[in-house]
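**Student:** What follows is a predicted structure for the sequence shown.
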Amino acid sequence: MNVTSSFFPVNHRNRRRSILAVAFLLYAALCPVIGAGAAEPLQLNGKATSFSLAPHVAFLEDPDGRLTIAEVTAPERAAAFQPAAAGAEINFGYSASVYWLRFTLAPEIQQPSKWLLEVAFPSLDRIEFHAPAGKRWLLATAGDMQPFAARPVVHRNFVFPLHLDGDSPQTFYLRIASTGSLTVPLRLWQPDAFSLHNQASYAALSLYYGMLLALLLYNLLLYFSIGDRNYLTYVFFVASMAVGQLSYNGLGNQFLWPNWPAWGNVAFPSGFAATGFFGALFTRGFLDTPRNAPRFDRLVLGLAGFFALSALAPMLISYRVGAILTSLTGAIFAVVAVAVGIRCLQRGQAGARYFLLAWSLLLIGVAVLALRNLGWLPTNFFTSFTMQIGSALEMLLLSFALADRINSLRRDKELAQTEALQIKQNMVEVLQDSERNLEIRVTARTAELEEANHKLQNAAYHDHLTGLANRLLLDDRLEHALAKATRSGKFMAVLLLDLDNFKQVNDQYGHRAGDELLKAVSHRLQKSVRVADTVARIGGDEFALVLEELQSTLNVWPVAEKIITGITAPVLVDDQELTVTASIGIALFPGHGTTIRDLLKHADEAMYAAKKQGRNRFCFHAG
């Protein structure tokens, strides 16, 4: 049967018109598909210092991962590329394929030639960046399966230097492979703008992790003070959240496990799976689901088991299995936890109101992140950072939930006291006395904790014997002094001092005498310099001094002479006069070095030169 005859009278003219009409409609429908492999080049014009590359990227799927750069760039494959994204970022979900990305940059005249390409998804396994160099291709690689030091640019994300040769269009290729979510946020930066962006992003992340640390320590103290296991469970929840977020933001790979890529590769799914596991246990304990929501209790326990399996799966079974299982379980748990919160709120559970609001925000973030990892939601600013936003709000609101729970328990206690008052009045006085004593003990304990915290902080940055700055505080002071000198254009000096023949004092008079001598030397060193300068003990009989805001390098000479003279004066210990001398090495900024490492090295060399020249003297670095 002729399909056309069902709609038109059967005559040749109408048939020809019908065929032409159908052909026209097919052409119109297929026109958007034809040439779909062509993505518009990015025009580098105007004063913009960064560009999103997603709308200008075309991709080619390589299911077997066997294609080479020569095969990908062959003319016959050009039409096989498809536009990657119409808007924000590129996300292929969980895929076993390798993806090639292509983009073209068209700079205008007098545009900067040096740029940085940022791939802002730190959990990708391997990235190859191919840049044209005449008839060759320059290759740079990165990925969380490599040690952090192997990256082309030191950064929490994957960053590649990109050089534009002239003002003609140039095409670049990326090869992306990962067992996890193939999310590829691409952005082109000018170096100065990238540096400013990093300052803001690192500052924001520092604030976020500071909040996590504060919450962890606060709940840990509450656990030790109260003994409620819910607080300890929440401590593990926050710690797991920190591990997952540190991996998600790339900070873990950069600062905590840079030489452990095997762990860095699985920390993201395992950390968040552990977060879900302890979150489920906390939900069960805080809301007392066995009593208040028994039907939901088994479901919460089951989800906790799935989270535990998800945490181990990347290390024992498969990264992709663990990641997908974590995402799916997280999305389901988000719904279940909210339902449990509603049920407990209906039953008047203490703290359920704030718990529901707090966990709704956090679990919405978990669900959105999970759906984005599965490729079911687009990748943009909201879906990328909703976990951090939700968890930050959750930390604040959950503190209200704990307070509300405590207040509810207090109200119950007051009601019980009122009822007891009607039975026996004298019991009230006993209870009131107990409460007053408890408040006094809590106040005293708080003061003790504050004093202990102060002592711990002081001990962390000062030498226990002399009270001088230790090596940790010295490094911090050196960093600030170097930055200040760089800004102001003034000089600074680093002095390394070693006591001559100090071992003989210990051998002849004992270590207690040696300690007293070290204290006396420390006191004299502090009196020899200004208050703004730094004196540190960095070893047994080794000291370091940092002299800041020097108008001239000649200002160091009288200070060094004063130190030599002051140290040689006898020290009376147990009616015994002890005498010691010192050898001092001096390095000046910027003449002898512009980095902390160079200044300390050159000061050390100068100190050994002073010893070789006969001790009891100071020497400047000979460089």
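**Tutor:** Right, received. Where do you want to start?

**Student:** Apart from its neighbours in sequence, what residue is nearest the most centrally placed residue in the chain?
**Tutor:** Centroid-nearest residue in the chain, with CA atoms, centre = their mean: Leu251, separated by 3.2 Å. Distance criterion CB to CB, 6 or more residues apart in numbering; nearest residue to Leu251, sequence neighbours excluded, is Arg156 at 5.3 Å. No exception for glycine: its C-beta is placed from N, CA and C like everyone else's.

**Student:** ditto for Met395
**Tutor:** Closest residue in space to Met395, ignoring its immediate chain neighbours: Leu215 at 5.0 Å, by CB to CB, 6+ apart.

**Student:** close enough to count as contact, the one you found and Val238?
**Tutor:** Yes: counting by CB atoms under 8 Å, Leu215 touches Val238, with 5.4 Å between them.

**Student:** These two: who's more crowded?
**Tutor:** Val238 (25 against 22; other CB atoms under 10 Å).

**Student:** Just confirm the more buried one is within a helix.
**Tutor:** Yes: assessed by DSSP: H, G, I helix; E, B strand; the rest coil, Val238 belongs to a helix.

**Student:** Give me the neighbour count for Leu220.
**Tutor:** Neighbours around Leu220, by other CB under 10 Å: 16.

**Student:** Distance-wise, check it relative to Phe620.
**Tutor:** Going from Leu220 to Phe620 by CB to CB, to the nearest Å gives 51 Å.

**Student:** Please, which helix or strand holds the residue nearest to Met395?
**Tutor:** Assessed by DSSP states H and E, Leu215 sits inside helix 191-226.

**Student:** mind listing what's buried in that helix?
**Tutor:** Using 16 or more other CB atoms under 10 Å as the test for burial, helix 191-226 gives 194, 198, 205, 208-209, 212, 215-216, 218-220, 222-223.

**Student:** How about stretch 486-493?
**Tutor:** Buried positions in stretch 486-493, judged by neighbour count with 16+ other CB under 10 Å: Phe491, Met492, Ala493.

**Student:** mind listing which of these are in strands?
**Tutor:** Cross-referencing the buried residues of stretch 486-493 against strands under DSSP state E gives Phe491, Met492, Ala493.

**Student:** who's in contact with the first one?
**Tutor:** Looking back up the chat, that one is Phe491. For Phe491, the contact set (CB atoms under 8 Å, 6 or more residues apart in numbering) comprises Ala485, Leu550, Gln551, Ser552, Thr553, Asn555, Leu588, Phe589, Pro590.

**Student:** Against Glu548, how distant is it?
**Tutor:** Distance, Phe491 to Glu548, using CB to CB: 9 Å.

**Student:** any residues in contact with both of these two?
**Tutor:** Common contact partners of Phe491 and Glu548 (CB under 8 Å, 6+ apart): Ala485.

**Student:** Quick check: Gly514 touching Asn506?
**Tutor:** Yes: with contacts counted by CB under 8 Å, Gly514 reaches Asn506, the gap being 4.2 Å.

**Student:** what residue ranges in the stretch 251-400 of the chain score low on pLDDT?
**Tutor:** Within the stretch 251-400 of the chain, the segments meeting pLDDT under 70 span 363, 366, 369-370, 372-375, 378-385, 396, 399-400.

**Student:** again, only this time at 80
**Tutor:** 348-351, 354, 359-400 (pLDDT under 80).

**Student:** how about the residue lying closest to Pro290 once chain neighbours are set aside, what does it touch?
**Tutor:** Spatially, and ignoring its direct neighbours in sequence, Pro290 is nearest to Asp297 (5.0 Å; CB to CB, 6+ apart). If you count contacts by CB under 8 Å, 6+ apart, Asp297 has them with Arg284, Thr289, Pro290.

**Student:** So which bits of stretch 44-59 are buried?
**Tutor:** Buried, per 16+ other CB under 10 Å, within stretch 44-59: Leu44, Thr49, Phe51, Ser52, Leu53, Ala54, Pro55, His56, Val57, Ala58, Phe59.

**Student:** Show me which of those residues is closest to Ala280.
**Tutor:** For the buried residues of stretch 44-59, the residue nearest Ala280 by CB to CB is Ala54; the value is 35.9 Å.

**Student:** quick one: the closest one and Leu186 touch, right?
**Tutor:** Yes: counting by CB under 8 Å, Ala54 touches Leu186, with 6.1 Å between them.

**Student:** for the stretch 351-500 of the chain, what spans make up the helices?
**Tutor:** Remark: helices assigned in the stretch 351-500 of the chain by DSSP state H, counting those that start in this stretch are 352-373, 381-423, 426-461, 471-488.

**Student:** In TSV, list those helices along with distance to Ser97.
**Tutor:** Listed next are the helices of the stretch 351-500 of the chain as TSV, based on distance: least, CB to CB, whole Å:
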stretch	distance to Ser97
helix 352-373	16
helix 381-423	22
helix 426-461	50
helix 471-488	46
